[in-house]
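Enquirer: coords please:
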Amino acid sequence: MLNESLKYVSLEYFQLLLDWFIKLYRRDSNFSFALALIKFQNIEEIIQFYGISQSIEIYRSLAQRISEMLRNTDIVCRDDEYKLWIFLPATKKKGICNRINKLVNSIQPESGVKIKVYINIQYSSEIDSEINAEFLMNKLDSKND
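Expert: Here you go, the predicted structure:
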């Protein structure tokens, strides 16, 4: 279920873990967390320019580089829609978005189509009391529509 080197879990496990942590946070607000969404905005353009194989490799490389910059306790989930979900327990401070943006900028190709990503983050202190994992993930994803 958990690949230690990449910290990846399935979407189902990710949602289960997030639901559990939301319940834990409701009982004790000291168990803070953040949920981050990283989504390729121009994946169709990237696939058209680089081809499917190279596009998948670009996506995997970016996912791996992001995973490497995370803590051991952070959990990553890739879905089939070129989205990365990152669960960041014990996170109150902002700054992860800036680090991810710097990373994306550092791997941009010198020529060709540039990678465009959308990054959104939700902190436990900002969530509604009746929210669950699926709703929270949909809320983050819909902010870019």
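
Enquirer: Kindly provide the whole-number mean pLDDT of stretch 52-59.
Expert: The pLDDT scores in stretch 52-59 average 86.

Enquirer: Give the buried residues for that stretch.
Expert: If you call a residue buried by 16 or more other CB atoms under 10 Å, then stretch 52-59 has these buried ones: S55, I58, Y59. Bear in mind the C-beta positions are built from the backbone N, C-alpha and C, glycine included.

Enquirer: Now, those that are in helices?
Expert: S55, I58, Y59 (DSSP state H).

Enquirer: Would you mind confirming that the last one is in contact with F40?
Expert: Read that as Y59. Yes. Using CB atoms under 8 Å, Y59 is in contact with F40, at 6.8 Å.

Enquirer: ok, back up a step: and which of the ones in helices among the buried residues of stretch 52-59 is nearest to Q48?
Expert: Proximity of these to Q48 (CB to CB) peaks at S55, which lies at 8.8 Å.

Enquirer: pLDDT score for the closest residue to S125 other than its chain neighbours?
Expert: Distances taken as CB to CB, 6 or more residues apart in numbering place S32 nearest to S125, at 6.7 Å, with adjacent residues excluded. Note on S32: pLDDT of 87.

Enquirer: Thanks a lot, catch you later.
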